[in-house]
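Colleague: here is a sequence with its predicted model. Questions after.
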Amino acid sequence: NAGVTQTPKFRVLKTGQSMTLLCAQDMNHEYMYWYRQDPGMGLRLIHYSVGEGTTAKGEVPDGYNVSRLKKQNFLLGLESAAPSQTSVYFCATAGGPPGKLFFGSGTQLSVL
Amino acid sequence: DQQVKQNSPSLSVQEGRISILNCDYTNSMFDYFLWYKKYPAEGPTFLISISSIKDKNEDGRFTVFLNKSAKHLSLHIVPSQPGDSAVYFCAASALRSQGNLIFGKGTKLSVKP
């Protein structure tokens, strides 16, 4: 079992470009999350989903959109990338609260 | 406003000694607390958790202590090993508000041989 797989692992974008980060899980978990980690900032929740077809905003949702069309996939989109979105992005899953998460290995995104 | 605070960015400990990582929180609605460990270029991995109805939880070399009156928790690692060198994140959850985790900024632990 792969667990939680994120693609791509690295990406460089120019300001204004768009891209989609894919998170795939084979754990049959209902809950899925997108976090970003910035130096000295810990992990901050961008968006999350409590089940197929549902999404909700987290702590820092601006500039991002998400979709959960299939239970196993959670997509994070950047419509018009900005340098402030340079970060490491982590996807995570959980069978439900209270919060034991399983994380992917991360996507390093640089926006120039 | 930080709801979960890890005030020590780094900690250095000798192999075999005890490592104590601290975490403070401000939200009295938190009812579940967790510690995650993160190696470079990897995602965080769950280490240990504690419910607010307990004051101690132990798992091998790792023990988490919760002091609700002080809104403080700590992670003890005994004995510390070089492989424990990593960044440790404290996190808290309030089940009545979706149960989403709020993370601290992390403490980088270095265990020296």
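Modeller: Received it, and whenever you're ready, just let me know what you need.

Colleague: can you name the residue of chain B nearest to chain A?
Modeller: residue B:99 (2.6 Å; CB to the nearest CB). Heads up, the C-betas are built off the backbone N, CA and C, glycines and all.

Colleague: how many residues are close by the closest residue to residue B:5 other than its chain neighbours?
Modeller: Nearest residue to residue B:5, sequence neighbours excluded (CB to CB, 6 or more residues apart in numbering or on different chains): residue B:24, at 4.7 Å. Residue B:24: 18 surrounding residues under other CB atoms under 10 Å in any protein chain shown.

Colleague: name whatever forms a beta bridge with residue A:25.
Modeller: Residue A:25 has these beta-bridge partners by DSSP bridges: residue A:4.

Colleague: run a quick neighbour tally on it.
Modeller: By the criterion of other CB under 10 Å, residue A:25 has 23 neighbours.

Colleague: so who does it touch?
Modeller: With contact taken as CB atoms under 8 Å, 6 or more residues apart in numbering or on different chains, residue A:25 is in contact with A:3, A:4, A:5, A:32, A:72, A:73, A:74, A:91, A:93, A:102.

Colleague: ok, 10 Å please
Modeller: For residue A:25, the contacting residues are A:1-6, A:31-32, A:71-74, A:91-93, A:102, A:104, by CB atoms under 10 Å, 6 or more residues apart in numbering or on different chains.

Colleague: distance-wise, check it relative to chain B.
Modeller: From residue A:25 over to chain B the distance is 12 Å, taken as CB to the nearest CB, to the nearest Å.

Colleague: now residue A:29
Modeller: Applying CB to the nearest CB to residue A:29 and chain B gives a distance of 13 Å.
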